[in-house]
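Undergrad: What shape does this take:
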Amino acid sequence: MSVIALALLLASCAPPELRDQNLLRDDSLLTDDPCEAPCWRGITPGVTTWSAALTILEDDPTLSNVTTQQDEASAARVAEFQQEGGAAGCCQMYSEDGETVSVIFLRTAPTVTLGQLIESKGDPSYVLGTPFSDNQAIVNLVYPDLSLVIYAFVAGAEGSLSETSEIIGVLYVTPEDMELLILTSELHAWEGYQSYNVYSDQSPYEVTPAITMTPTGTITPQADGTPESTAEATESAGS
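TA: Predicted structure coming up:
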């Protein structure tokens, strides 16, 4: 898993307009209600069982269209859901082993700003900008201690982060996956509100991979059923 891959996941699920008021309306990052990150609505990756989490989604009156799939060749499961009365395809929950939640992925309506987020959760440790379209880009904000990657909207490669930049998505992962993400990613250290280019691949990275992911030759299906090579971590030379 890498920050780039997570941003591409966001992009692959997104319609042409990243900012959409019909997506999930959620301000729990600010209120810590009903629980504090890395918990979301009573679900914590790496802790909450799949069955308990599914019940939480199905019993939540603000959510609808909870559907599940199980990979035929593994125990992996994925649930999709959306805001009641909102746009489809906003939100997913995934379990790698079919027993415990591994990932929660949310595309959110742009109701929370970066300034509000930082006031509530403090500065992110790492950032990385990834392009989306001519006038839209994503800046990944990595919070290792909270096992969160938060997506902020920027108006394309010529745009900049500011206190009013909108939060358009959140990824909740397990502590183990967060550690692996940092060890295998190229990242920038947070230096405050900067232009998109400062945090893009056009600038030297302050953090480089300590390990690399090497395919073992075993093919395993992903949550969407497409094959993916199983990988193992190896130490990078000179790290």
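
Undergrad: in the sheet, who's paired with the residue nearest to the spatial centre of the chain?
TA: Closest residue to the average C-alpha location of the chain: Leu171 at 2.6 Å, with Cα atoms, centre = their mean. According to DSSP bridges, the residues that bridge with Leu171 are Phe105, Val149.

Undergrad: From Ala157, how far off is it?
TA: Taking Cβ to Cβ, to the nearest Å as the measure, Leu171 falls 23 Å from Ala157. Placement of C-beta: from N, CA and C, glycine included.

Undergrad: For the residue nearest to the centre of the chain, give its distance to Ser162.
TA: Distance, Leu171 to Ser162, by Cβ to Cβ: 22 Å.

Undergrad: Repeat that for Glu206.
TA: 22 Å.

Undergrad: Also Tyr94?
TA: When distance is defined by Cβ to Cβ, Tyr94 is 32 Å away from Ser162.

Undergrad: Settle it for me: which of those two has more neighbours?
TA: Each of Tyr94 and Ser162 has its neighbours counted (other Cβ atoms under 10 Å); Tyr94 has more, 19 against 13.

Undergrad: Bridge partners for that one, pull those for me.
TA: Counting by DSSP bridges, the residues bridging with Tyr94 are Val78, Val103.

Undergrad: so who does it touch?
TA: Tyr94 makes contact with 76-79, 101-105, 223, according to Cβ atoms under 8 Å, 6 or more residues apart in numbering.

Undergrad: worst-scoring helix or strand of this structure, pLDDT-wise?
TA: Ranking every helix and strand in the chain by mean pLDDT, DSSP states H and E puts strand 227-235 at the bottom, with a mean of 43.

Undergrad: ok, which stretches of this structure are helices?
TA: Listed in chain order, the helices of the chain (DSSP state H) span 3-13, 28-31, 50-59, 114-121, 175-184.

Undergrad: Could you pull out the strands in the chain for me?
TA: For the chain, the strands defined by DSSP state E occupy 63-70, 77-83, 91-95, 103-107, 126-133, 136-143, 148-154, 167-172, 188-189, 211-221, 227-235.

Undergrad: Same list, these, but as JSON lines with distance to Glu36 please.
TA: Formatted as JSON lines, those follow (distance: least, Cβ to Cβ, whole Å):
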{"stretch": "strand 63-70", "distance to Glu36": "20"}
{"stretch": "strand 77-83", "distance to Glu36": "21"}
{"stretch": "strand 91-95", "distance to Glu36": "18"}
{"stretch": "strand 103-107", "distance to Glu36": "14"}
{"stretch": "strand 126-133", "distance to Glu36": "21"}
{"stretch": "strand 136-143", "distance to Glu36": "12"}
{"stretch": "strand 148-154", "distance to Glu36": "11"}
{"stretch": "strand 167-172", "distance to Glu36": "12"}
{"stretch": "strand 188-189", "distance to Glu36": "25"}
{"stretch": "strand 211-221", "distance to Glu36": "30"}
{"stretch": "strand 227-235", "distance to Glu36": "30"}
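
Undergrad: Nearest to Pro16 among the ones you listed would be which one?
TA: The minimum distance between Pro16 and those falls on strand 126-133, with 7.1 Å, by Cβ to Cβ.

Undergrad: How confident was the prediction at Pro131?
TA: What the model reports as pLDDT for Pro131 is 89.

Undergrad: With the one 10 residues further on instead?
TA: Reported pLDDT at Leu141 in the predicted model: 97.

Undergrad: Next up, the contacts around it.
TA: Leu141 touches 114, 117, 124, 126-127, 149-152, 190, counting by Cβ under 8 Å, 6+ apart.

Undergrad: same thing with Val112?
TA: Val112 touches 27, 29-30, 166-167, counting by Cβ under 8 Å, 6+ apart.
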